[in-house]
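Asker: Give me a model of this one.
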Amino acid sequence: LDPSVIAKYGDLGFPEGKILAEYVWVDAVGNTRSKTRTLPAAKAKSVGDLPKWNFDGSSTDQAPGDDSEVILKPQSIFKDPFRPRTDGTDNILVMCDTYTPAGEPIESNTRAFAAKAFEGMDDEEVWFGLEQEFTLFNLDMKTPLGWPEGG
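Answerer: Numbering: from 1, shown residues only. Alright, predicted model coming up:
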């Protein structure tokens, strides 16, 4: 995009008492999705004050086309680092879980299933970790380091 166009819209002021809330969720294949809504700043004080929202889940492989409504349920709020403000009010990122209209977690909503598994375990400390595996190769770029050639 043309930087002058971005700057023009980036310089627009925000309505008094309003914030931009970027609702963020994970789709069926693990990609991050989001959409933005304008809310009264008073609703950004806690997760419980934020409204649920919906989207067409058929576009994210989270629902069939004939019954595609998916509900976004806010779970956590963070200050939005991508849309900073100078008026003392912060826009927010809203991390969400995905549910059917009946209130059941969408199959790809693994956080909801994890939260259920951890219910009643308040005295336990949950750890999450990433496993990274590396293989070092000899200079031939085919044989793992320390392995016999052709072995």
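Asker: And the next helix or strand past the longest strand out of those in the chain?
Answerer: Ranked by residue count and defined by DSSP state E, the top strand of the chain is strand 69-79. Following strand 69-79 in sequence order, the next helix or strand is strand 92-99 (DSSP states H and E).
Asker: Can you give the contact residues for that following strand?
Answerer: For strand 92-99, contacts defined as CB atoms under 8 Å, 6 or more residues apart in numbering pick out 19-26, 44, 47, 50, 53, 57, 62, 70-80, 105-106, 108-109, 111-112. Where C-beta positions appear, they are placed from N, C-alpha and C, glycine not excepted.
Asker: check contacts around the closest residue to Asp27 other than its chain neighbours.
Answerer: Leaving aside its chain neighbours, Asp27 sits nearest to Thr60 (3.9 Å; criterion: CB to CB, 6 or more residues apart in numbering). Listed by CB under 8 Å, 6+ apart, the contact set of Thr60 reads 27-28, 33, 70.
Asker: Out of these, give me the one that has the most neighbours.
Answerer: Val70 (23 neighbours; other CB atoms under 10 Å).
Asker: In contact with the residue lying closest to it once chain neighbours are set aside, which residues?
Answerer: With sequence-adjacent residues excluded and distances taken as CB to CB, 6+ apart, Val70 is closest to Gly57, at 3.5 Å. Residues near Gly57 by CB under 8 Å, 6+ apart: 63, 68-70, 98, 106.
Asker: 10 Å - rerun?
Answerer: Contacts for Gly57 (CB atoms under 10 Å, 6 or more residues apart in numbering) come out as 27-28, 63-65, 67-71, 98, 100, 106, 108.
Asker: Going along the chain, name the strands of this structure.
Answerer: Taking DSSP E, the strands of the chain run over residues 18-26, 32-40, 53-56, 69-79, 92-99.
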